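[1] any chance you can model this:
(2 chains)
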Amino acid sequence: MLKTHACGELRKEHAGTTISLAGWVHRRRDHGGLIFIDLRDREGIVQVVFNPEVSPASHQTAGELRSEYVVRVEGAVAARPAGTENRALPTGEIEVIAHDAQILNRSMTPPFYISEEVEVDESLRLKYRYLDLRRERMKQNLLLRHRVVKFMRDFLDARDFVEVETPVLIKSTPEGARDYVVPSRIYPGKFYALPQSPQQLKQLLMVAGLEKYYQVARCFRDEDTRADRQPEFTQLDIEMSFIEEEDIISLLEELFTSMIETLKPEMRMARPFPRLTYAEAMERYGTDKPDLRFGMEIGDLSDIAATTGFAVFTRAISAGGRVKGICVPGCGTYTRSQLDELNRRAQALGAGGITTISLGVASSLEELTAELAKSPAAKYLSLDQVKAMAALLQAKPGDLLVIAAGKPDMVNKVLGELRREMGERLGLAPPDLLAFAFITDFPMFEWSETAGRWQAMHHPFTSPREADLPLLDSDPGKVLARSYDFVCNGFELSSGSIRIHTSELQRRMFRVMGYTDSQIDERFGHLLEAFDFGAPPHGGIAPGIDRLVMLLAGEENIREVIAFPKNQSAADLTFNAPSEITEEQLAELHISFKNGNPPGNTLAL
RNA sequence: GGCCCCGUGGUGUAGCGGUCUAACAUGCCACCCUGUCACGGUGGAGAUCGCGGGUUCAAAUCCCGCCGGGGUCGCCA
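    Numbers count the residues shown, from 1 in each chain, chains lettered A, B, ... in the order given. So this is what the prediction gives:
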């Protein structure tokens, strides 16, 4: 080793020892005589003092040092002179008196600051990701991610789970996301697909008798990216045999609870993790991944609205719709233009419009007068009706009621999104809170207008509830699944289910989704056949590691917790991938382009 | 594919029709400085204002198109 110690580990008790260090020049302070270097390695920063009276040669060397030079220093650890300690630095009580120094490598001036946390254009950061990762924030994120994954492995290992690797080159299957495909050299015109998740593989491992499996698994989906979505991402893939919903849910709760208590003790959780059915979540929060860090629940005002003379309300109800609302705290003073903006937002989300009631400041809701409750619909609403709505939404004087009327799905979606946006705008969510929850009883299918058929809401291997089996052919939309989502702070962290383990039921499901028997055999025959060799009842879940670490790190996109992420256009700016390949490679893969050359779309940078 | 936001020395920003021969901070280079720690001081270099077109007597500034980046809808079993 070129070093005996890490820069960041040196403390008072090292004083008097002779050591060697190696790292990067974080900062240089040249006093003409004395030169101070903040030397940085992974463990931290320590001050090195170059004194010409101690070592003229190393003082000379120090004069050449610049930011990010790689340097090795031999010297003595010494307590700093009284009054010069730096309490901001863990190593601030000591310094290293350099006796000898060598430059191991020079560095160009970095394109952005390593030593300061300044927001830098993200494409520049991605191009020089290896420099970006030198920054403290990114280093901490990578370290946190390591600890999270290690905790998961240790936790599952202690519970007799076996980590098994599964292939990345597998078979393209219908259903789900668009596949990334890899052309085969050996089989002209045929393709592998990268797994969207190891779903079928882990089920086969259950058939194989592993009983408890996990894997830190890379998944690939060729869909457009988002702040919380990358073309490739990592899941903690878990599958167990001979279990029921409760087993998975409690395993996950135990895992996350102990992990956060260990790794992020400063963060708070509500325990036990609340459970909501899908129907409840949609009713109360307008989404299947509610942010439960704050209230502002959607309330059903239909009964009250039906008694009003307001046609927007009564028409919606007689058409089978609902009138629902949320109470936005403290926004009763919103101006006309602010309310207009809210209305435009609601319209953009699909509502015809919203009705607002601004509650003026009174000592209590009971004291509220007609003059204090302002609404475009005021002349159709009695004071009692306003009070009843306000009470139902748990409003206080000074709050704003936002009411939407129409089809239930639309009303929930609009109010759910407004709730989310207003919660964010008003800063209602405590940043140190992790509001985990399980969402259960998802519908098995949803009707796809584009495909003109029923599609699995979770995935086609999810078991329906046994009680709902009779509905499978007559009314698939009513069938509920034995699935459970795990959500936190408005993000879907993972999705799991009890699986189908008989070929009969699995085949039936595929038929509901519009497949012919020969299509089923061709695409899923391997799985169906496996089920016929004594497949045990099984189920599992797959928490997304990127999103989890993002939440724990307090980051707002998952790129910040991925060493080499892709940008929004799915390009890797460090490598400039994707890129063209040679004529030879194309020929070996039996690929040629229609017009001789690949279509445009070249990468910049 | 749609919508929204952004693009000015290396970096981060200001400027938003004429004062711009483009400002500030920091970084960079040179010199000075023996207790600094975002060291300090003096001096200096560094920008075809993302690209193209248009409007105008005049464009970094207004308009259109394109490119790049981010967010989002669609999409994401």
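[2] count the neighbours of residue A:192 for me.
    18 (other CB atoms under 10 Å). For glycine as for every other residue, the C-beta is placed from the backbone atoms N, C-alpha and C.
[3] with the one 5 residues further on instead?
    Using other CB under 10 Å as the criterion, residue A:197 is surrounded by 21 other residues.
[4] what sits against it?
    Shown in contact with residue A:197 (CB atoms under 8 Å, 6 or more residues apart in numbering): A:217, A:219, A:235, A:237, A:542.
[5] please name the nearest non-neighbouring residue to the second one.
    Yep, that's residue A:219 we're talking about. Sequence neighbours aside, residue A:197 is the residue nearest to residue A:219 in space, at 4.7 Å (criterion: CB to CB, 6 or more residues apart in numbering).
[6] tell me the buried residues in the helix or strand bottoming out on mean pLDDT in chain A?
    Within chain A, confidence by mean pLDDT, DSSP states H and E is lowest for helix A:336-348 among all helices and strands, at a mean of 86. In terms of neighbour count (16 or more other CB atoms under 10 Å), helix A:336-348 has its buried residues at A:339, A:342-343, A:345-346.
[7] residue A:562 versus the closest residue to RNA strand B within the stretch 101-250 of chain A, what's the distance?
    Relative to RNA strand B, the nearest point of the stretch 101-250 of chain A is residue A:176 (2.1 Å; CB to the nearest atom of the strand). Note on residue A:176: its distance to residue A:562, by CB to CB, to the nearest Å, is 22 Å.
[8] more neighbours: which of those two?
    Between residue A:176 and residue A:562, counted using other CB under 10 Å, the more crowded position is residue A:562 (21 against 15).
[9] now the strands for the stretch 301-450 of chain A?
    In the stretch 301-450 of chain A, the strands defined using DSSP state E, counting those that start in this stretch lie at A:322-328, A:355-359, A:373-374, A:400-406, A:433-434, A:436-440, A:445-448.
[10] what's the angle from the first one to strand A:400-406?
    Taking axes from the mean of the first three to the mean of the last three CA atoms, to 10 degrees, strand A:322-328 and strand A:400-406 form an angle of 160 degrees between their directions.
[11] hmm, who's touching strand A:322-328?
    A:296-302, A:304-306, A:313, A:316-317, A:389-390, A:393-395, A:399-408, A:411-412, A:415, A:418-419, A:422, A:426.
[12] isn't the residue of the stretch 101-250 of chain A closest to RNA strand B up against residue A:195?
    No: with contact taken as CB atoms under 8 Å, residue A:176 and residue A:195 are classed as non-touching, separated by 10.4 Å.
[13] follow-up on the earlier one: look at the residue nearest to residue A:219 and give its secondary structure.
    Of the three states, residue A:197 takes coil under DSSP: H, G, I helix; E, B strand; the rest coil.
[14] could you measure from it over to residue A:342?
    Remark: distance between residue A:197 and residue A:342 (CB to CB) = 39 Å.
[15] which residues touch the residue nearest to residue A:400 when sequence neighbours are not counted?
    With sequence-adjacent residues excluded and distances taken as CB to CB, 6+ apart, residue A:400 is closest to residue A:331, at 3.8 Å. By CB under 8 Å, 6+ apart, the residues touching residue A:331 are A:338, A:358, A:399-400, A:422, A:426.
[16] hmm, back to that, and which of the contacts of residue A:197 is nearest residue A:254?
    residue A:542 (16.7 Å; CB to CB).
[17] surely the closest one and residue A:237 touch.
    Yes: in this structure, residue A:542 is within contact of residue A:237 by CB under 8 Å, at 4.7 Å.
[18] okay, those two: which has more neighbours?
    More crowded of residue A:542 and residue A:237, by other CB under 10 Å: residue A:237, with 27 against 24.
[19] bridging residues for that one?
    residue A:215 (DSSP bridges).
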